[in-house]
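Engineer: Fold the stuff below for me.
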Amino acid sequence: MGILSDYNVRVLGTPLEAIYNAEERERFKQTMERINEPIPRGVMVNSVEEAEKVAAQLGLPLIIRPWYTLGGAGGGVARTMEELREIVSYGLKVSRIHQVLVEESVLGWKEIEYEVMRDAKDTCITICNMENLDPMGIHTGESIVVTPSQTLSDEEHQMLRSAAIKNFVSICKG
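Structural biologist: Numbering: from 1, shown residues only. Got it, this is the predicted structure:
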């Protein structure tokens, strides 16, 4: 909306562009595609009918993520077509722009997180990695998290560490 520039407010730390690249689903998707990082397939929809077509392509279960809601409000896991219709319908109502992302499910996968830090000279390091002991699908705030990760092989750790740094740099530089 331009309020920060209107009042000559300078943002310290992470640039706003980097925040947009990380938080706006379509921009994040484009960034990951540009650097050849895999992400779950998903489609933005504006109606229940469009969501049903996506379900026919991707199969169930699907993750429903309303656009521009706080704390995942209006989203959920659709395991049946009836649940898909119900969740998408509600998600479209609560979304500020009446859109939801219908995305492949990664329920049951491991959830690993890397904390990455970058200095003014573009030197990046991972500070630590964390592993949710509960499988994907349990809200992170309600999951048991350990650091460092306990179940990754060194090869998996190095691959994920490199991907985390590559993603971080790409998001920060746009």
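Engineer: Show me what counts as buried in the longest helix belonging to the chain.
Structural biologist: Ranked by residue count under DSSP state H, the longest helix found in the chain is helix 154-173. The neighbour-count check on helix 154-173 (16 or more other CB atoms under 10 Å) flags 157, 160-161, 164-168, 170-172 as buried. Every residue, glycine included, has its C-beta placed from N, CA and C.
Engineer: Same question for stretch 104-112.
Structural biologist: Across stretch 104-112, burial judged by 16+ other CB under 10 Å covers 105, 110-112.
Engineer: Let me have these in TSV, extended by distance to L133.
Structural biologist: Formatted as TSV, those follow (distance: CB to CB, whole Å):
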residue	distance to L133
S105	20
K110	9
E111	9
I112	11
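Engineer: Looking at the residues you listed, which is nearest M1?
Structural biologist: Nearest to M1 among those: E111, at 33.9 Å, using CB to CB.
Engineer: Show me how this structure divides into domains.
Structural biologist: The chain resolves into domains spanning 42-104, 108-173 when parsed by automatic domain parsing.
Engineer: Straight-line length of the last one, end to end?
Structural biologist: Going back to what we said before, that points to domain 108-173. Taking CA to CA, to the nearest Å, domain 108-173 runs 32 Å from one end to the other.
Engineer: Near R96, how many other residues are there?
Structural biologist: Look at R96: counted by other CB atoms under 10 Å, it has 9 neighbours.
Engineer: picking that back up, tell me the most buried of the domains of the chain?
Structural biologist: domain 42-104 (a mean of 17; mean count of other CB atoms under 10 Å).
Engineer: avg pLDDT for that one?
Structural biologist: The average pLDDT within domain 42-104 is 92.
Engineer: Against which helices or strands is the longest helix of the chain packed?
Structural biologist: helix 16-23, helix 25-34, strand 111-118, strand 124-132 (3 or more CB pairs under 8 Å, 6 or more residues apart in numbering; DSSP states H and E).
Engineer: With mean pLDDT as extra columns, can I get these in TSV?
Structural biologist: Converted to TSV, the helices and strands packed on helix 154-173 look like this (pLDDT from 0 to 100):
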stretch	mean pLDDT
helix 16-23	82
helix 25-34	85
strand 111-118	89
strand 124-132	91
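Engineer: what would the ones you listed look like in TSV with distance to A56?
Structural biologist: Converted to TSV, those look like this (distance: least, CB to CB, whole Å):
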stretch	distance to A56
helix 16-23	29
helix 25-34	21
strand 111-118	28
strand 124-132	31
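Engineer: Which among these is found nearest to M44?
Structural biologist: helix 25-34 (7.1 Å).
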